[in-house]
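> fold the stuff below for me.
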Amino acid sequence: MSSPLMLRDPAVRRATAGLGLAALLVVILLVRAVRIDAIPDAAGAPIDATLLASAGAREVSDLGTAVALDPFSRSRSAPTKRYSLPWEAGEAAVTQSAPKPQVLGTAIALDGKNFATCQLGSDTPRIVHVGDRLGEYTVKSIARGRVVFTTSSGNTLDISALK
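A predicted model of the protein is given here:
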């Protein structure tokens, strides 16, 4: 059989078209795999001011002195406080108290299924019922215009609804 006669066969035409499509796809994928996208410059990235403020407010160990010492010295012992870099949040951020919830409104039902609309910090407002958790707070009771929360440590927090 000659080559022009083979191309008249529909099966050969489909196979040739599929082979051509596969070769085109391989070339496209190879170009996409090799191409390097531009990486944005990180030097202009904004720095969170709260990290800098908390770093200056706490005591920082002298990291340079620790590095200069012989790490295999027999007299070497663990430091009294953890080494940290100036911008690390550390213990100061952990000990900060969580934001208090805001009560946006309450609804009192005759059947006792009261609910309130509350917001914790800048989160989306949520509808809560007695027993629901909002962050670290648990709803203890809901009355007209006020909600009583309990914390995980057992403290109660009575918050009035916003006017």
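> quick one: the helices in this protein, in order.
Assigned helices in the chain, in chain order: 3-6, 10-34, 49-57, 63-68, 90-94 (criterion: DSSP state H).
> what about the nearest residue to residue 118 once chain neighbours are set aside, how many residues nearby?
Setting aside the residues directly before and after it, residue 118 is nearest to residue 101 in space (Cβ to Cβ, 6 or more residues apart in numbering), at 4.9 Å. Glycine gets a C-beta too; all of them are placed from N, C-alpha and C. Around residue 101 sit 23 other residues, with neighbours defined as other Cβ atoms under 10 Å.
> who's in contact with residue 101?
For residue 101, the contacting residues are 118, 119, 120, 134, 135, 137, 147, 149, 157, 159, taking Cβ atoms under 8 Å, 6 or more residues apart in numbering as the criterion.
> among the residues you listed, which one has the most neighbours?
So for the contacts of residue 101 (other Cβ under 10 Å), the most neighbours sit at residue 147, 28 neighbours.
> beta partners for that one?
Note on residue 147: beta-bridge partners by DSSP bridges are residue 142, residue 159.
> I'd guessed it sits against residue 137; true?
No. The pair residue 147 / residue 137 is not scored as a contact, 9.4 Å apart, by Cβ atoms under 8 Å.
> about what we covered before: the residue nearest to residue 118 bridge partners, please.
Here residue 101 sits in beta bridges with residue 120, going by DSSP bridges.
> ok, it to residue 113 distance?
With the distance defined as Cβ to Cβ, to the nearest Å, residue 101 ends up 20 Å from residue 113.
> swap in residue 128?
12 Å.
> the two - which one has more neighbours?
When neighbours are counted by other Cβ under 10 Å, residue 128 comes out ahead of the other of residue 128 and residue 113, with 22 against 11.
> which pLDDT value goes with the residue nearest the centre of the chain?
Relative to the mean C-alpha position of the chain, the nearest C-alpha, by Cα atoms, centre = their mean, is the one of residue 123, at 13.3 Å. The confidence metric pLDDT takes the value 88 at residue 123.
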